[in-house]
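Colleague: Build me a model:
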Amino acid sequence: MEALRKAPVAVFGNFDKERFLQEIYPLRKPALLKGIPLGTCTSKWTVDYLSTTGGSQEVKVHVASVPQMDFINKNFIYRTLPFDVFVKRAAETVHVEYFISEDEKYYLRSLGVDTRKDIADIRKQFPTLAEDINIPEFFGKDQFFSSVFRISSPGLQLWTHYDVMDNLLIQVRGRKRVVLFSPRDAPFLYLTGDKSEVLDLDTPDLEKYPQFAKAQGYECQLDPALWFHNTIAKDFGVGVNVFWKQLPADCYDKTDIYGNKDPVAASRAMQILDRALKTLDELPDEYRDFYARRMVLRIQSKSYSNHK
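Modeller: Predicted coordinates for the structure are as follows:
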């Protein structure tokens with residue numbers, strides 16, 4: 001067992017939109033932004049206020065018997081609760097009413113009104129609460145994609161994953177530790193799709209995941225696209241995650257309502273690669289290994305990883 005290697009994260013304060021776009025955003029690295037006026041949500045959004053003002057509309061939530069949620073192995077269940085009931089349960093550490101166990105954990109990632117077609121937008125799903133929060137306008141209105149309302153139980157840890165779009169995590173209540181990994185660390189994260197198999201970041205099982213020792217973590221509350229991130233709620237946590245399109249609109253899958261599908265060109269390239277690898281299976285082992293290595297060399301010759 002070995003502790004996660006960590007690196008410092010730049011902290012910025014006393015900045016405006018112009019400085020953000022000219023000095024911070026172009027760095028394409030995590031940054032901790034302080035001093036942003038968020039509105040009355042910072043004082044209003046107590047458990048009582050959220051449950052009373054948010055209403056009794058039904059929300060679909062993740063429920064787990066353990067703090068570390070694992071999306072790959074699905075160690076949680078989905079359940080539906082009235083929003084006011086959910087908020088009160090999520091704030092508890094021990095429950096009188098529960099689905100699995102009295103110390104189960106809850107997590108809400110808000111969805112659109114029509115969960116199959118609509119994106120999450122706090123202004124539409126929770127209009128009264130949306131009036132309390134001032135979302136920084138660091139991007140053009142035509143770039144806006146979604147504003148996701150997130151609420152989690154104390155101690156809840158989400159799986160490590162990456163997002164395709166740039167986003168700003170606005171933590172309104174509760175301390176939240178966010179651990180991020182550079183896209184360059186992808187080879188060390190044991191990925192299944194966009195998610196990492198490594199759940200315990202601080203004391204990882206290096207016998208099972210030896211390459212993870214090469215990864216370096218960053219702690220921050222702003223995560224640019226493709227940076228892998230893992231969130232741990234130290235307290236009852238309430239936040240709004242705002243996503244925007246940093247690439248031209250036609251780069252994205254038009255059917256993507258969650259903002260987590262790879263860009264169209266990337267998906268096409270991966271499909272071509274899958275077909276190429278399947279074609280190599282027609283060869284004997286020695287030939288398959290040789291030509292697979294040649295493919296790797298051709299990709300490396302592009303020197304993508306050398307771009308700063």
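
Colleague: CA atoms only for stretch 196-208, dumped as PDB, please.
Modeller: Extracted C-alpha coordinates of stretch 196-208, given in PDB (Å, rounded to 0.1, in the frame of the first residue of the first chain):
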ATOM      1  CA  SER A 196     -11.300   4.000 -13.300                       C
ATOM      2  CA  GLU A 197     -11.300   0.600 -11.500                       C
ATOM      3  CA  VAL A 198      -9.200   2.100  -8.700                       C
ATOM      4  CA  LEU A 199     -11.600   3.100  -5.900                       C
ATOM      5  CA  ASP A 200      -9.300   3.700  -2.900                       C
ATOM      6  CA  LEU A 201      -7.100   6.600  -4.000                       C
ATOM      7  CA  ASP A 202      -5.200   7.100  -0.700                       C
ATOM      8  CA  THR A 203      -4.200   3.500   0.000                       C
ATOM      9  CA  PRO A 204      -4.600   1.800  -3.400                       C
ATOM     10  CA  ASP A 205      -4.000  -1.900  -3.800                       C
ATOM     11  CA  LEU A 206      -0.700  -1.700  -5.800                       C
ATOM     12  CA  GLU A 207      -0.500  -5.500  -6.200                       C
ATOM     13  CA  LYS A 208      -3.700  -5.400  -8.200                       C
END
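
Colleague: Check the average confidence over that stretch, would you?
Modeller: Averaging pLDDT along stretch 196-208 gives 92.

Colleague: With stretch 10-19 instead?
Modeller: If you average the pLDDT values across stretch 10-19, you get 88.

Colleague: quick one: low-confidence parts of the protein?
Modeller: 1-3, 220-225, 303-308 (pLDDT under 70).

Colleague: what about 50?
Modeller: Low-confidence segments of the chain (pLDDT under 50): 222, 307-308.

Colleague: What residue spans form the domains of it?
Modeller: Following automatic domain parsing, one finds the domains of the chain at 5-251, 264-306.

Colleague: Tell me which of the ones you listed sits nearest to Y258.
Modeller: domain 5-251 (7.8 Å; C-beta to C-beta). Yep, even glycine has a C-beta here, placed from its N, CA and C like the rest.

Colleague: circling back to that earlier point, hey, which of the domains of the chain is tucked in deepest?
Modeller: domain 5-251 (a mean of 17; mean count of other C-beta atoms under 10 Å).

Colleague: centre of the chain versus that one, how much separation?
Modeller: 5 Å (C-alpha atoms, centre = their mean, to the nearest Å).
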